[in-house]
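Chemist: all I have is the shape, not the residue letters:
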């Protein structure tokens with residue numbers, strides 16, 4: 001499963017790219033979505049590679065992301081589990097990993113993040129490894145840790 005984070009804003013974005021970002025539910029800077037690894041999403045990510053970074057997310061970070069940034073409407077997931085009929089965040093994660101969409105579970109399809117603590121290590125205009133954009137593999141977990 002890929003975690004995709006939008007790092008650049010809306011100024012001077014071509015309509016074609018803006019539409020693709022909206023299809024991915026990445027409408028704002030520092031928003032994050034979780035996508036299955038397949039060819040159609042890979043093509044979409046290739047198109048918006050100058051605006052996002054992505055990589056494979058691990059279980060620990062996934063749990064933190066759902067606990068701190070998961071939302072049911074405007075309410076926090078961890079405080080309102082009974083609204084969607086589950087007992088724990090782990091149960092929500094298991095349902096999501098089994099192929100259910102976040103919207104079908106009752107959650108927002110994206111996660112709002114903060115800018116990374118202690119800032120970005122490199123430029124957000126260049127591609128990884130010299131910058132922050134593009135595919136970064138397992139290193140996405142370090143960035144997510146600082147943004148949750």
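Modeler: Yep, that arrived. Only a predicted model underlies this, so the values are computations on that prediction, with no experimental measurement involved.

Chemist: in stretch 138-148, what counts as buried?
Modeler: By neighbour count on 16 or more other CB atoms under 10 Å, the buried set for stretch 138-148 is 140, 141, 143, 144, 147, 148. Every C-beta, even on glycine, is put in place using the N, C-alpha and C of the backbone.

Chemist: from these, which single one is nearest residue 72?
Modeler: residue 148 (17.8 Å; CB to CB).

Chemist: distance check, the closest one against residue 126.
Modeler: 24 Å (CB to CB, to the nearest Å).

Chemist: burial measure for residue 14, as a count.
Modeler: Number of residues near residue 14 (other CB atoms under 10 Å) recorded here: 8.

Chemist: what's near enough to touch it?
Modeler: Contacts for residue 14 were tallied using CB atoms under 8 Å, 6 or more residues apart in numbering; there are none.

Chemist: quick one: buried residues of the lowest-mean-pLDDT helix or strand in the chain?
Modeler: Lowest by mean pLDDT, DSSP states H and E among the helices and strands of the chain is strand 123-127, with a mean of 84. Under the neighbour-count criterion of 16+ other CB under 10 Å, strand 123-127 has residue 127 buried.

Chemist: same check, this time on stretch 112-123
Modeler: Across stretch 112-123, burial judged by 16+ other CB under 10 Å covers 113, 116.
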